[in-house]
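# Quick one: sequence plus predicted model below, questions after.
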Amino acid sequence: MYYVKKYEHKLLSDTLRFLGFTIKWGIHENGYWLTNINYTFDYILSNLIIKYFKEKKVKSVVDVGCGYGHYVNELNFHKIKSKKEEIFLKNLDRLNDKGIIISWDKPNSFNIGTINEKTETEILDVFLNNYNYTYDEKNSKIFRDSCNNDVLKKCIYIFEKKKR
């Protein structure tokens with residue numbers, strides 16, 4: 001499964017080049033997709049996130065995971081080891097005061113760029129039992145039901161940090 005995903009990018013690029021198409025493919029150094037072949041921008045979800053942040057009086061936001069995208073090819077093949085996943089989650093926890101909006105793909109969804117897929121139960125267990133969060137089930141459902149992106153309809157979660 002992961003071997004195929006790692007080389008999907010090259011296979012599609014080579015096929016398009018063979019057919020005479022010359023397009024830039026991948027992720028720009030500033031973090032945006034160079035084509036819309038594998039990427040869609042969900043305006044509804046974007047507006048829901050903005051509205052949610054305004055209601056919660058969020059003053060600053062960090063997008064962790066954007067960038068060149070070179071890491072995706074390597075991670076698709078090797079995955080993040082459990083120990084490194086824990087470091088990643090600790091960094092997410094350390095970087096925020098109010099909470100996390102995260103998409104985490106479910107097993108066997110075969111989406112490009114996904115690694116270490118987890119079931120909803122596993123994700124809830126990680127954030128609720130290992131970290132100091134509550135699950136905003138109501139808004140997570142609103143986001144999922146309202147967005148146009150079929151992938152996110154299954155895997156977007158909102159966790160709010162418990163007040164200490």
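Ah, there it is.
# Identify the nearest residue to L45 in space, disregarding sequence-adjacent positions?
Leaving aside its sequence neighbours, L45 sits nearest to C147 (Cβ to Cβ, 6 or more residues apart in numbering; 3.9 Å). Just so you know, the C-beta spots here come from the backbone N, C-alpha and C atoms, and that holds for glycine as well.
# In contact with that neighbour, which residues?
Counting by Cβ atoms under 8 Å, 6 or more residues apart in numbering, C147 touches 42, 44-45, 48, 153, 156.
# Kindly write the PyMOL command that selects the buried subset of these.
Burial among the contacts of C147 is assessed by 16 or more other Cβ atoms under 10 Å; the matching PyMOL selection reads:
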select buried, resi 42+45+48+156
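# which one of the contacts of C147 sits closest to N139?
L48 (8.4 Å; Cβ to Cβ).
# And the closest one, which helix or strand is it part of?
Using DSSP states H and E, L48 falls within helix 43-55.
# before we move on, what about E85?
Here E85 is assigned to helix 82-95, by DSSP H and E.
# The helix or strand following that helix pairs with which strands, and in what direction?
Going down the chain from helix 82-95, the next helix or strand is strand 99-103, by DSSP H and E. For strand 99-103, the pairing partners within the sheet under DSSP bridges are strand 156-161 (antiparallel).
# buried set for the strand it pairs with?
Buried residues in strand 156-161 (16+ other Cβ under 10 Å): 156-161.
# Quick one: the contacts of C147 as TSV, columns for distance to E137 too.
Output for those, formatted as TSV (distance: Cβ to Cβ, whole Å):
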residue	distance to E137
D42	20
I44	19
L45	17
L48	15
K153	15
I156	12
